[in-house]
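Chemist: Predicted model, plus sequence, below.
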Amino acid sequence: MINSHNYRRSLEAVCIPLFALLFSLVLFGIFCAAAGANPYEVYGSIYKAAFGSWFSFQNTLIRASPLMLTSLCTALPARLGLMIIGNEGAFVIGGLGAVAAGLTLSTNAPPVVVQIGMAVAGIICGGIWIGAVGALRHYRAVNETISSLLLNYIAIALLNHLVSGPWKDPSSLNKPSSYPIADINMLGKIGDSRIHYGLIYGLIACAIAYFLIQRTTFGFAARTAGGNIRAARIAGLPVGKLTMAICFLAGSCAGLAGMVEIAAVQGRANASLNANYGYSGILVAFIARHNPLAAAVVAILLGGILASGGILQRVHELPDATILVFQGLVFLAVLYSESLYGRLAIFKDREVVSSNKSEAIA
C-alpha cells in the first residue's frame, strides 16, 4: 500500500509537469501558425539551435548555468512555504558586488584571490538582499512575494544609477558601463570548450541544496515548518532563524549567478546584466517542483530554448520576443497544472477513490 502510494505520487510529480509542457507546446504551435510560420519547422529549428551540434549545445549550457543558480532562489524558500520571486534583483546585486570586489582587488591580488573575492562578494550581497525579504516577512509580516518583486526594481534602478554615474567608464559611450574586470581575473573555460566554470558552480550548488534540504536535520526542520508553521512553532522549531537562513542561502545562489555573469560573460556591469535570468529561474523552479536536482535538468532544457531565439528571427522571420512568448505559455501551463495535484483519480489509490465514491453516493 505504501509503495503503491509513493509510486503514484512520484508518477504524478513527473506526468503533470510533462503534460503541462506538452500543452504549452501546442499553444506555442498555434501562435507560430497564426504568425505565418510552420510550427513543425519552428520546433525543428529550436532543437537544432539548442542541441543539434556540440557548438549549439555549448550555447545551451552557457545559458543553463545561471538558470540553475537563480532557480534555487525560488526553490529553497518554497520548501519553507515562502514564495519569493526576487531572483532578478539578487542576480543584479550579486553582479554589482562582484564588480566592486573585482575592481578593488585587481590592483594587488593574484587572479585566484580576485575570483574568490568576487564570488564571496556576490554571495554575500545576494544573500543579504533576499535575507531582507525574509526579515520583513518574519518580523513585520510583509508579504514576501510583493517585497521581493519590488526589490527587483530597486536593484535594476541601482544598476542603472551606478553605471551611468559613479561607476561609469568614460570610454563607454553608446552603452554606459562600469570599468572592466581585467581579462586575467575572468573565469576560465572548461578544457577546450566555450563553457565557463559557472556551469560547475551551478551543478555543485544544486547538489548541495538537495543534500541540505533532503538529508539534513536543517532541511527536515525547514520542510516541517513549510508544511505547518504553527505546528513547527509548537514543536519548538526556530522558525525565525530558519526563515532568515533559507532566504540568505537562496539569495546567495542568485548572487553567485550574478557574479558568474560578470566574471565569465560580461566582464563589466551594464544594462546587459539585467538579462532576465532571474525571472527565467522562477520558471525553472516551478517546472522542477522546487527540487534542486530536477532544476539542473530543467535549466538545461530552458537554456536550450533561450539559445534558439536568434534562429527563429533569422530563419522564420518571427519577432525576437517569440521565445519570451514561449516562456510565458510554459509558465501559465505550469501554474495551472499546480491545481491538478491530488485531484486526478488516475494518481490516487484505488481505496481512496472507492471511499470518495461511497461518500458521494451516501
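Modeler: That came in fine, so what should we check first?
Chemist: what mean pLDDT does the longest helix seen in the chain have?
Modeler: Longest among the helix segments of the chain by residue count, using DSSP state H, is helix 2-34. What helix 2-34 shows for mean pLDDT is 83.
Chemist: which of the residues in the very next helix or strand once past that helix are buried?
Modeler: From helix 2-34 onward toward the C-terminus, using DSSP states H and E, the following helix or strand is helix 39-51. Of the residues in helix 39-51, those with enough neighbours to count as buried (16 or more other CB atoms under 10 Å) are P39, V42, S45, I46, A49, A50, F51. In this view, the C-beta of every residue, glycine as well, is placed from N, C-alpha and C.
Chemist: Show me what the helix or strand following helix 39-51 is packed against.
Modeler: Toward the C-terminal end, the helix or strand that comes next after helix 39-51 (DSSP H and E) is helix 54-78. Counting contacts by 3 or more CB pairs under 8 Å, 6 or more residues apart in numbering; DSSP states H and E, helix 54-78 is packed against helix 39-51, helix 87-105, helix 111-140, helix 198-215, helix 239-260, helix 277-287, helix 292-307.
Chemist: Could you dump the ones you listed into TSV and include distance to L69?
Modeler: What follows is those, written out as TSV (distance: least, CB to CB, whole Å):
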stretch	distance to L69
helix 39-51	20
helix 87-105	8
helix 111-140	9
helix 198-215	5
helix 239-260	4
helix 277-287	7
helix 292-307	9
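Chemist: Columns mean pLDDT and distance to L159 on top of the ones you listed, output as CSV?
Modeler: Output for those, formatted as CSV (pLDDT from 0 to 100; distance: least, CB to CB, whole Å):
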stretch, mean pLDDT, distance to L159
helix 39-51, 91, 29
helix 87-105, 96, 5
helix 111-140, 96, 12
helix 198-215, 95, 20
helix 239-260, 96, 10
helix 277-287, 93, 12
helix 292-307, 93, 21
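Chemist: Nearest to L332 among the ones you listed would be which one?
Modeler: Closest of these to L332 is helix 277-287, at 10.3 Å (criterion: CB to CB).
Chemist: what angle sits between that closest one and helix 87-105?
Modeler: Here helix 277-287 runs at 130 degrees with respect to helix 87-105, directions being taken by axes from the mean of the first three to the mean of the last three CA atoms, to 10 degrees.
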